[in-house]
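Student: Generate a structure from the sequence data that follows.
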Amino acid sequence: MILFTRRQNTNLRLLISRTDARGINTNYIYNSDPLNRLQSVSFDTTADPNHNLSTDDPNYYLKVLDAATINYQYRTKGSPSELKDITQLSSVLTVGVSTESNYFDTEGRVSTKTLTLTSRSSYPLVTDYSFDTLDRVYEVLYPAEYGNGQQPRKVVHHDYDVASRLSGLTVGGATQASGIVYNAASQTTALSVGASGTNQILESCEYDSQTGLLASQTLARSGAPTNICNGSQTLAAGVSGKTRLVPQDAGRRKRLFFGGFDGF
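Tutor: Residues are numbered from 1 along each chain as shown. All right, here's what the predicted structure looks like:
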């Protein structure tokens, strides 16, 4: 059983606590914020019957470990007339663990995200985002590779088709995905993985016309006509009436996943 406690407000009811089946209480603090923005989240594990177990106790693995308090800060305006969304998070502080800071461009989009671990404060993990004229992320500059020579930062580049669907992906200038083909439902039907050549993997998928679920998946190397994996899949009853995909060549003990999960 999960219990929720809400604070009555003139316009809405704010969630202030949540108690899960283990008795762990999650507290949501607003500090009377005029915009009802969440200010912090704390966790109370004292109701856990194993709370006082020491590390040398054989049942210590049953204990729900304590979690750090999380504090939130939001963007602020320099003047009342400034056009800025003050409901956007500027930083998230996990006490004693890390600080995540967001920096925004003139359009209010996150252009830089910095994650700094308290234990490694001299090695901030900075990620930069670049957008195209259609407001799509077309480049992501990954954090520096500390300890690797000149500490390079990989660039992940995205290409899009006319429907703004991903058509290609490169990492550090190396092709990772290309030739992506979609059906009318925008499901991927073909994909080339890796750089062109004999080792490139060609992937093709077919979908059930009635359910839209994945029906078959084929993988083959570009330089060899023989399929390295061919799985026709059928629907089977899963847990609680859910469906799952079962390869017909289950004797080979291969379970195929392509953007989805089975009932288990």
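Student: burial of Y129, as a residue count?
Tutor: 16 (other Cβ atoms under 10 Å). Where you see a C-beta, it was placed from the backbone N, CA and C, and this is true even at glycine.
Student: Tell me where the model's unsure across the stretch 1-150 of the chain.
Tutor: 1-12 (pLDDT under 70).
Student: just the strands in it please.
Tutor: For the stretch 1-150 of the chain, the strands defined by DSSP state E, counting those that start in this stretch occupy 3-8, 13-19, 25-29, 40-44, 70-74, 89-94, 98-104, 110-117, 125-131, 137-141.
Student: Domain ranges for this structure, per the record?
Tutor: Per automatic domain parsing, the domain ranges recorded for the chain read 1-67, 72-153, 156-258.
Student: any idea how far R22 is from L65?
Tutor: Separation of L65 from R22 (Cβ to Cβ, to the nearest Å) stands at 12 Å.
Student: Mind checking which of the two has more residues around it?
Tutor: Of the pair L65 and R22, R22 is the one with more neighbours under other Cβ under 10 Å, namely 12 against 9.
Student: picking that back up, how about the strands of the stretch 1-150 of the chain in JSON lines, adding distance to S54?
Tutor: Shown next, in JSON lines, are these (distance: least, Cβ to Cβ, whole Å):
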{"stretch": "strand 3-8", "distance to S54": "29"}
{"stretch": "strand 13-19", "distance to S54": "25"}
{"stretch": "strand 25-29", "distance to S54": "23"}
{"stretch": "strand 40-44", "distance to S54": "20"}
{"stretch": "strand 70-74", "distance to S54": "27"}
{"stretch": "strand 89-94", "distance to S54": "25"}
{"stretch": "strand 98-104", "distance to S54": "27"}
{"stretch": "strand 110-117", "distance to S54": "27"}
{"stretch": "strand 125-131", "distance to S54": "34"}
{"stretch": "strand 137-141", "distance to S54": "44"}
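Student: pretty sure L219 is in a helix, no?
Tutor: No - read with DSSP: H, G, I helix; E, B strand; the rest coil, L219 is strand and lies in no helix.
Student: doesn't G194 make contact with it?
Tutor: No - contact criterion Cβ atoms under 8 Å: L219 and G194 do not qualify, at 11.8 Å.
Student: Now do the shared contacts for these two.
Tutor: I201 (Cβ atoms under 8 Å, 6 or more residues apart in numbering).
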